[in-house]
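For reference, the sequence and a predicted model appear below.
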Amino acid sequence: MKKDAVVLHDDGADGRSARSARTILRNISYEIMPFRGTEDAVLEHVPRDVALTVTVTEAKGLAATIDLATRLTAYGYRVAPHVAARMVQDQAHALDLLAQLVEAEIERVFVIGGDAPTPAGTFHGAADFLRVLDTAGHHFERVGIGGYPEGHATIGDDELCTALTQKAPLASHIITQICFDARTTLDWARRLHQRHPNLEVVVGVPAPVSRQKLVRISAGIGLGQSARFLRKQQNVIWKLMRPGGYRPDTLLRGLTPHIAGTDLNVRGIHLFTFNELERAETWRRARLAGLGDS
């Protein structure tokens, strides 16, 4: 074992936590942003068995996201572009986007409402786009939606619950927003499993990231969107930028002893990489090595 490897399990737990840790590190996906140099970084650092999602920004729009997802799919990656429903103008636009994804042979999609303060058209939330996909008889093998273990900064709990009830039957899995408290995430996942037992949970976890990268990312996503992100995610930013940096190991140690339970449906983790792909992949390989996984 490498000297600096952090073991994510308790040796006295009959191997269950170790198996859980291996499972979530193998069933991992990386979130990337469609910036200059992203494609080259993926090709250099990310194995093709690691699934990807491509975010969407107001500054670049849906076209940049779909374009990058298309190119990476052609290289053999499993890629899910983010589709922000509030950027979709109407049903015709939604069907056109679907046609583009079909032509690109993209088999996964991640549907969010999006943070645009004013919708581009008649779509106001993720459920609007999901209904079009369902009616059209889409081909996607995986359809993801977003989840909020700690609630949403601008959407009330009742509204979130109603939206989830509408979206869950039309999705295969839910990716959680960043939450640094494992117990909060696990409790939320248990409640979710009671209401929507077929919906898989993928826990969103920040990858190791440098302060400099956070500053560059904040500047790159567009002034308005960046300001809203910082307002909503002040606690996240503080934790990621604290002295000594951030590592996801503590959070994963809190998750892994429990995720194999039958009262949950946790199937993996989703790393918010902030485009630090070399660092993210180095961390993942070191964790697997620490678990004795060659």
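Okay, I see it.

Which stretches in the protein count as strands?
28-32, 51-54, 79-84, 108-112, 142-147, 173-176, 200-206, 266-272 (DSSP state E).

Give me the distance from the third one to the chain's centre.
Computed by CA atoms, centre = their mean, to the nearest Å, the separation of strand 79-84 from the middle of its chain amounts to 10 Å.

Please enumerate residues in contact with it?
With contact meaning CB atoms under 8 Å, 6 or more residues apart in numbering, strand 79-84 is reached by 29, 51-56, 62, 65-66, 68-69, 72-73, 97, 101, 106, 108-116, 129, 142, 144. Yep, even glycine has a C-beta here, placed from its N, CA and C like the rest.

do that again at 7 Å, thanks
Contact with strand 79-84 is made by 52-56, 62, 65-66, 69, 72-73, 97, 106, 108-114, 116, 129, 142, 144, as judged by CB atoms under 7 Å, 6 or more residues apart in numbering.

model confidence over that strand, on average?
For strand 79-84, mean pLDDT rounds to 97.

cool, the second one as well?
When the per-residue pLDDT values of strand 51-54 are averaged, the result is 97.

what does that strand contact?
Contacts of strand 51-54 (CB under 7 Å, 6+ apart): 29-32, 34, 42, 65, 68-69, 72, 77-82, 110.

Ok, the first one next?
Strand 28-32 is touched from outside by 38, 42, 46, 50-55, 202, 268-273, 275, 277, 280, 284, with contacts defined as CB under 7 Å, 6+ apart.

so how far is His196 from Val79?
For Val79, the distance to His196 equals 25 Å [CB to CB, to the nearest Å].

For those two, work out which one has more neighbours and name it.
Neighbour count, other CB atoms under 10 Å: between Val79 and His196, Val79 has more, with 28 against 18.

buried sites along stretch 53-68?
53-58, 60, 62, 64-68 (16 or more other CB atoms under 10 Å).

Among the residues you listed, give me the pair with the biggest separation.
Thr53 and Glu58 (17.4 Å; CB to CB).

Can you select the buried ones from the contacts of strand 51-54 in ChimeraX?
Selection command for ChimeraX covering only the buried members of the contacts of strand 51-54, criterion 16+ other CB under 10 Å:
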select :29,30,31,32,34,42,65,68,69,72,77,78,79,80,81,82,110
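
of the buried residues of stretch 53-68, closest to Thr176?
For the buried residues of stretch 53-68, the nearest to Thr176 is Thr53 (13.1 Å; CB to CB).

Dig out what that closest one forms beta bridges with.
Taking DSSP bridges as the rule, Thr53 bridges to Glu31, Ala80.

just the strands of the chain: most buried one?
strand 79-84 (a mean of 26; mean count of other CB atoms under 10 Å).

and the angle for it with strand 142-147?
For strand 79-84 against strand 142-147, the angle between stretch directions is 50 degrees (axes from the mean of the first three to the mean of the last three CA atoms, to 10 degrees).

tell me the angle strand 79-84 makes with strand 28-32.
50 degrees.

picking up where we left off before, out of the buried residues of stretch 53-68, which are inside helices?
Leu62, Ala64, Thr65, Ile66, Asp67, Leu68 (DSSP state H).
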